[in-house]
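>>> The following comprises the amino acid sequence and a computationally predicted model.
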Amino acid sequence: MKSIHQYLDTVVSSINQFKTEQSDLIKQAAQIIAKQLIEGHNLYVFGSGHSHMIAEEMYARAGGLAQVKGLFASDLMLHEFPNKSSMMERLEGYGNQLLDLYPINNHDVLIIVSNSGRNSVILDLALEAKRRNIYTIGITSLKHSSQVTSRHHSGQLLKDVVDLVLDTQTPKGDAGFYLDGLDTPVGPLSSLMGILIVETLSVAIVEEALSLGVTLPVFRSSNVDGADDYNNSLFKQFHQ
């Protein structure tokens, strides 16, 4: 099956492109976030649909930062009903209300994940965060968003609103791998690239803090003996 090697080559090529073109942006984002975490503030993460998985990858994760907090809404996840999450993420006004449910302030940083960057919930969230002077980072596909229109009344896309953009580099429609005899592309890249981005960013944040003489709290795997007490102490400190 030649497609196995071809798809993996596509993935490796995307990773190498990201390494070459966006390492400086990761460094910039890491410096901004590390500064706020060192001062005792938080990193909030949000994504809807499959982008929710990328946001959740940073939250309560083995090897992940304890000061990451999720803006999570089950209506925007896929486990209840996929079409429902698609409808809800296009509903204007929901993002503003979601932000009101959390104690996020202008000393925190907000990461918003949306590969298309076009739906109302993420635009509401980004615009409201900007109004509150919260620093925002968008993880999105510049290729995709440059070829679609906004679904928000402002006409803006995520890349137009956030303070810093990290590009998943995925093609329009996410999947970009074609097989002979099939018109629809397969092999989406946004989840792979999104998780790569947030994990690279997490490592860079910890390294930046260490360079400043600060060790940020990091979760351990709950499947390692002795980790539960350690992790529970972090939950009590940062998530109550």
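Looks like it came in fine. Note that the structure is predicted; figures quoted are calculated from it, not measured.
>>> Ramachandran angles for E57?
The phi/psi pair for E57 (degrees, to the nearest 10) reads phi -60, psi -30.
>>> What separation do you get for it and G70?
10 Å (CB to CB, to the nearest Å). For the C-beta atoms, the positions are set from N, CA and C on the backbone; glycine is no exception.
>>> Between the two, tell me which one has more neighbours.
The residue with more neighbours, out of E57 and G70, is E57; 21 against 17, by other CB atoms under 10 Å.
>>> Tell me who's in contact with that one.
Neighbouring residues of E57 by CB atoms under 8 Å, 6 or more residues apart in numbering: 64, 194-195, 198-199.
>>> What helices and strands are in contact with the lengthiest helix in the chain?
What stands out as the longest helix in the chain, according to DSSP state H, is helix 2-38. On a contact count with 3 or more CB pairs under 8 Å, 6 or more residues apart in numbering; DSSP states H and E, helix 2-38 meets strand 43-47, strand 109-113, strand 135-140, strand 164-167, helix 190-211.
>>> Using CSV, list the CA coordinates for the first one.
Right, the one you point to is strand 43-47. Extracted in CSV, the C-alpha atoms of strand 43-47 (Å, rounded to 0.1, in the frame of the first residue of the first chain):
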residue,chain,number,x,y,z
LEU,A,43,-3.7,29.9,30.2
TYR,A,44,-7.2,29.2,29.0
VAL,A,45,-7.8,27.0,26.0
PHE,A,46,-10.9,26.6,23.7
GLY,A,47,-11.9,24.6,20.7
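>>> Any chance you could list what contacts that strand?
33, 36-37, 53-56, 58-59, 65, 67-72, 98, 102, 104, 108-114, 122, 125, 139, 194, 198.
>>> Now list the buried members of the residues you listed.
Among those, those classed as buried by 16 or more other CB atoms under 10 Å are 33, 36-37, 53-56, 58-59, 65, 67-72, 98, 102, 104, 108-114, 122, 125, 139, 194, 198.
>>> Please name the residues that touch the nearest residue to H50 once chain neighbours are set aside.
Counting by CB to CB, 6 or more residues apart in numbering, H50 lies nearest to S191, which is 5.9 Å off, once chain neighbours are set aside. Residues near S191 by CB under 8 Å, 6+ apart: 50, 53-54.
>>> Next, check those residues against the helices and list the overlap.
Using DSSP H, 53-54 are the members of these that sit in helices.
>>> just how off-centre is stretch 203-214 within its chain?
Remark: stretch 203-214 is offset 20 Å from the chain centroid, using CA atoms, centre = their mean, to the nearest Å.
>>> do the same with stretch 58-73
Stretch 58-73 has its C-alpha centroid displaced from the chain centroid by 11 Å (CA atoms, centre = their mean).
>>> With stretch 195-209 instead?
Relative to its parent chain, stretch 195-209 has a centroid offset of 12 Å by CA atoms, centre = their mean.
>>> To H239, which of the helices and strands packed on helix 2-38 lies closest?
H239 lies closest, by CB to CB, to one member of these: strand 43-47, at 12.5 Å.
>>> and the direction of that closest one versus that of strand 135-140, what angle?
Relative orientation of strand 43-47 and strand 135-140, computed by axes from the mean of the first three to the mean of the last three CA atoms, to 10 degrees: 30 degrees.
>>> what angle do strand 43-47 and strand 109-113 make?
20 degrees.
>>> strand partners of strand 43-47, parallel vs antiparallel please.
strand 68-70 (parallel), strand 109-113 (parallel) (DSSP bridges).
>>> Indicate which one of these is closest to K143.
strand 109-113 (16.0 Å).
>>> number of nearby residues for the nearest residue to V113 once chain neighbours are set aside?
Closest residue to V113 apart from its sequence neighbours, by CB to CB, 6+ apart: G47 at 3.5 Å. Applying other CB under 10 Å, we find 28 residues neighbouring G47.
>>> Good, wrapping up.
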